[in-house]
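Participant: Structure of the sequence below:
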Amino acid sequence: MRTIDKLKEICEPHGVTMEVFNGCTDLINRSGSWWGITFFAPKGKGFMSSGLYCVGFGDKSIVAAVKYIKEEIAEGFFDLDPDDEYYEGYK
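Facilitator: Predicted structure coming up:
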């Protein structure tokens, strides 16, 4: 999918990884696309905007995630304490 490839292009130079889920909002009829994406900061870092090592995005349109992660990366990262259980990053 082109948008997922675009997200990877944005994230990889910054060491950000992501986990993507595409589901439906109406489980009975299997309709209503819904995207859920979790973005993980690089090893030893957290997202400045949230103060966490990961941030989540959810919407019917995956295209909106491009603007979202660009803004998150633009805010920058902070260093996690080496004793933080998430210091090693997403496993």
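Participant: List the residues that contact Ser61.
Facilitator: Applying CB atoms under 8 Å, 6 or more residues apart in numbering to Ser61 gives the contacts Trp35. Where you see a C-beta, it was placed from the backbone N, CA and C, and this is true even at glycine.
Participant: Pull the number of nearby residues for the nearest residue to Lys43 once chain neighbours are set aside.
Facilitator: Leaving aside its sequence neighbours, Lys43 sits nearest to Gly89 (CB to CB, 6 or more residues apart in numbering; 4.0 Å). The number of residues packed near Gly89 is 16, by other CB atoms under 10 Å.
Participant: do His14 as well
Facilitator: Neighbour tally, His14, other CB under 10 Å: 16.
Participant: next one: phi and psi at it?
Facilitator: phi -100, psi 0 (degrees, to the nearest 10).
Participant: Go ahead and confirm it touches Ile73.
Facilitator: Yes - using CB atoms under 8 Å, His14 makes contact with Ile73 at a distance of 5.3 Å.
Participant: what's whichever helix or strand Ala74 is part of packed up against?
Facilitator: Using DSSP states H and E, Ala74 maps to helix 64-75. Packing partners of helix 64-75 (3 or more CB pairs under 8 Å, 6 or more residues apart in numbering; DSSP states H and E): helix 2-11, strand 31-40, strand 54-59.
Participant: Looking at the ones you listed, spot the one closest to Gly46.
Facilitator: strand 54-59 (8.5 Å; CB to CB).
Participant: tell me the angle of that closest one relative to helix 2-11?
Facilitator: Here strand 54-59 runs at an angle of 160 degrees relative to helix 2-11 (axes from the mean of the first three to the mean of the last three CA atoms, to 10 degrees).
Participant: still on that earlier bit, could you identify which of the helices and strands packed on helix 64-75 has the lowest mean pLDDT?
Facilitator: Of all these, the minimum mean pLDDT falls on strand 31-40 (a mean of 85).
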